[in-house]
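Asker: show me the folded form of this:
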Amino acid sequence: MIITGHKRLFFALASGTLNILIFPKADVTLLSWIVLVPLLVAIYREERNSRSFFYGCLCGIVFFFGSCHWIINVLENYGGLGGLGSVLSFLLLVIYLSLFYAGFALLFSGFARHFPDGCFFLAPAIWVSCEYLRGQLLTGFPWCLLGYALVDFTSLARIATVTGVYGLSFILVLINALTASALIDRSRGSVARLIITLLLLGGISGFSSLWHSGIQQPTHRAYIVQPNLSPEQNWDLESKSTVLNSLSQLSLAAVSKDKELPSGIVRVTIWPETPAPFYFNRDPVFRLRMTMLARDSASHLLFGFVDFKRDPETGAEDPYNSVALLSPEGNLISQYDKVHLVPFGEYVPYPRVFFFVDKISTEAGSFKPGSRLVVSPLDDEHRISSFVCYEAIFPELVRRSVDMGAGALFNLTNDGWFGDSAAPYQHLNMARFRAIENQRYLLRAANNGISAVINPDGVVLKRTRLNERTLLEGDFEFKTTKTIYTRFGDWFAWLCLLTVVFAGGYLNWRTRSSVSIG
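Answerer: All right, here's what the predicted structure looks like:
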């Protein structure tokens, strides 16, 4: 199969475009089974490394620009960079992220020149390695990993209980690679490999459905408050009081009719990540209001606020993005300080490099990260953990809290910065995978949406719309069993990394041996 340079360029652009379409809002998830075929065909046995690198980079640029362009508006409207500064900063981010696509293309084409058949089986391991590194390096940005496209393929998605989301990425790239192999080679052997793999995949999916024991009927109750407050709202004592009155009334609207629920049923009222300058540990009025709300509702109360702690070295009062849990008696059970902060949103990483960028949060000073995860007891039997906003896209962080004993998960977020873009929908789908990986109910409270009740299979049982003020009532259950992923974390991603390293080492050894013999 002879492909000209212009066709290779077109194929790289095609893969980038298809990659955009498999995620919200387009959400054409079936394209995920062929999304990388054009790119793989374009870079197969490409003799020049620079061209392979370029085609991969181009594919990544198209994808990240198309799927994350909402970042421009966030930087311009809330980051104080202006139009040109926002575009340039976003392009810098896109180019950095596209390097992981370029790395995949470079490695695949290099292996293809020496292992024309075996490279297609190495492709999934290379891809997963690049995705995993993207989620780890320079604070990490594992946004829209390929495996997330399968969130609604329930039987297949359960593979994540063993491998995490990276196992789904592996499966998709394997099918893409074998399809590309069949198109390039067109031999009976390559077609047979593809068919056999598809049959095995179908068998795994069927076995998953039969093996799955089902999800028990939930008995506990959650009241998710979605206030729909604008990030641009100005705050003073009067506006804060008005908002608190409104949110308290909204919180009590459904809770009051459920006061006669049978004993033993846990009730939790959830507010989103702090949508206003609320200071639980510094504002006695706000503290009293939240204490009284917990008592009046006779439910546990989980809410976000901003805390301040003195730095022992500098003496400065540093802000923390925090979550408090109150008992039905109004007592403080626990406080969690957000561990993984949003770069450029809550703090500016590498400030000497990005001296020209201001963080998006309006809080004075850069937020500081918390030092530990917190699993909170609701009573003698039930424990929960909460994670804030951006933390939902980091599988390792969430699974650690489940391994520590959390029986249910709570995600507090403020997606108001994203506007009406695809980002809130993308964010929700990624959070759903945390429920699947750990087989836990996930209750999600978002300031302006999308709030949701999600079962352990990642199925959205109830949800809100964007930009509506509402209260979402839903039932959930606690679980104590731990999945393989919960126990061992990203072992599969590490296995892929080691496979690529050993394959690269073997290729280097073989190349050196050939040169010395020659």
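Asker: how about low-confidence regions in the protein?
Answerer: Applying pLDDT under 70 to the chain flags the ranges 1-4, 79-80, 208-214, 256-257, 259-260, 347-365, 514-518.
Asker: show me the strands in it, by range?
Answerer: 220-226, 267-270, 300-310, 317-326, 332-337, 375-377, 383-388, 408-413, 442-446, 452-454, 460-463, 470-476 (DSSP state E).
Asker: report the buried residues of the fourth one.
Answerer: Spelled out, that is strand 317-326. Neighbour-count burial for strand 317-326, with 16 or more other Cβ atoms under 10 Å as criterion, is recorded at Pro319, Tyr320, Asn321, Ser322, Val323, Ala324, Leu325, Leu326. Every C-beta, even on glycine, is put in place using the N, C-alpha and C of the backbone.
Asker: so what's Ile454 up against?
Answerer: Contact analysis of Ile454 by Cβ atoms under 8 Å, 6 or more residues apart in numbering lists Ala431, Arg432, Ala435, Tyr441, Leu442, Leu443, Arg444, Val460, Leu461.
Asker: burial measure for the closest residue to it other than its chain neighbours, as a count.
Answerer: Closest residue to Ile454 apart from its sequence neighbours, by Cβ to Cβ, 6 or more residues apart in numbering: Leu442 at 4.2 Å. Neighbours of Leu442 under the rule other Cβ atoms under 10 Å: 26.
Asker: bridged to Leu326, which residues?
Answerer: Leu301, Leu332 (DSSP bridges).
Asker: was I right about it contacting Ser297?
Answerer: No. Under the criterion of Cβ atoms under 8 Å, Leu326 makes no contact with Ser297, lying 10.0 Å away.
Asker: name all residues that make contact with the residue nearest to Ile454.
Answerer: So Leu442 contacts Ala408, Leu409, Phe410, Asn411, Ala431, Arg432, Arg434, Ala435, Ala452, Val453, Ile454 (Cβ under 8 Å, 6+ apart).
Asker: distance of it from Ile159?
Answerer: 18 Å (Cβ to Cβ, to the nearest Å).
Asker: cool, and His340?
Answerer: Taking Cβ to Cβ as the measure, His340 falls 25 Å from Ile159.
Asker: more neighbours, these two?
Answerer: Applying other Cβ under 10 Å to His340 and Ile159 shows that Ile159 carries more neighbours, namely 25 against 20.
Asker: what number of residues lie near the spatially closest residue to the more buried one that is not a sequence neighbour?
Answerer: Excluding the flanking residues, the one nearest Ile159 by Cβ to Cβ, 6+ apart is Gly167, at 4.8 Å. By other Cβ under 10 Å, 24 other residues sit near Gly167.
Asker: the residue nearest to Ile384 when sequence neighbours are not counted: neighbour count?
Answerer: Leaving aside its sequence neighbours, Ile384 sits nearest to Ala408 (Cβ to Cβ, 6+ apart; 5.0 Å). Neighbour count for Ala408, taken as other Cβ under 10 Å: 26.
Asker: right, and Ala408 touches Arg440 too?
Answerer: Yes. Ala408 sits in contact with Arg440 when judged by Cβ under 8 Å, with a separation of 5.9 Å.
Asker: what touches both of those two?
Answerer: Counting by Cβ under 8 Å, 6+ apart, the residues touching both Ala408 and Arg440 are Lys479.
Asker: compute the first-to-last residue distance for stretch 248-262.
Answerer: Taking Cα to Cα, to the nearest Å, the first and last residues of stretch 248-262 lie 24 Å apart.
Asker: swap in stretch 317-335?
Answerer: Start-to-end span of stretch 317-335 (Cα to Cα) is 18 Å.
Asker: how far away from the center of its chain is that stretch?
Answerer: Distance of stretch 317-335 from its chain centroid, counting by Cα atoms, centre = their mean, to the nearest Å, is 25 Å.
Asker: enumerate every residue touching the most centrally placed residue in the chain.
Answerer: Ranked by distance to the mean C-alpha position of the chain (Cα atoms, centre = their mean), the top residue is Ile393 at 2.1 Å. Going by Cβ under 8 Å, 6+ apart, Ile393 touches Pro142, Trp143, His427, Met430, Ala431.
Asker: among these, which are in helices?
Answerer: Counted as lying in helices by DSSP state H, out of these, are His427, Met430, Ala431.
Asker: Phe286 is in contact with Leu244, isn't it?
Answerer: Yes. Contact criterion Cβ under 8 Å: Phe286 and Leu244 qualify, at 7.2 Å.
Asker: which one's more surrounded, those two?
Answerer: Neighbour comparison, Phe286 and Leu244: the larger count goes to Phe286, with 20 against 17 (by other Cβ under 10 Å).
Asker: enumerate every residue touching that one.
Answerer: Contacts for Phe286 (Cβ under 8 Å, 6+ apart) come out as Lys240, Leu244, Phe278, Tyr279, Phe280, Phe305.
Asker: export those residues to TSV and tack on distance to Trp509?
Answerer: Output for the contacts of Phe286, formatted as TSV (distance: Cβ to Cβ, whole Å):
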residue	distance to Trp509
Lys240	67
Leu244	67
Phe278	60
Tyr279	61
Phe280	60
Phe305	57
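Asker: any idea how far the lengthiest helix in the chain is from the middle of the chain?
Answerer: If you go by DSSP H, the chain has its longest helix at helix 82-114. Centroid separation for helix 82-114 versus its chain: 20 Å, with Cα atoms, centre = their mean.
Asker: equivalent analysis for stretch 106-118, please.
Answerer: Worked out by Cα atoms, centre = their mean, stretch 106-118 lies 31 Å from the chain centre.
Asker: and stretch 196-204, by the same measure?
Answerer: 28 Å.
Asker: pull the CA atoms of that stretch into CSV?
Answerer: Written as CSV, here are the backbone C-alpha positions of stretch 196-204 (Å, rounded to 0.1, in the frame of the first residue of the first chain):
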residue,chain,number,x,y,z
ILE,A,196,-10.7,-13.5,16.3
THR,A,197,-9.9,-10.5,18.5
LEU,A,198,-13.4,-9.1,18.0
LEU,A,199,-14.9,-12.5,18.8
LEU,A,200,-12.8,-12.7,22.0
LEU,A,201,-13.8,-9.2,22.9
GLY,A,202,-17.5,-10.1,22.4
GLY,A,203,-16.9,-13.1,24.6
ILE,A,204,-15.3,-11.0,27.4
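Asker: return the set of buried residues in that stretch.
Answerer: Buried residues in stretch 196-204, counted by 16+ other Cβ under 10 Å: Thr197.
Asker: contacts for that stretch?
Answerer: Leu156, Ile159, Ile171, Leu174, Ile175, Leu178.
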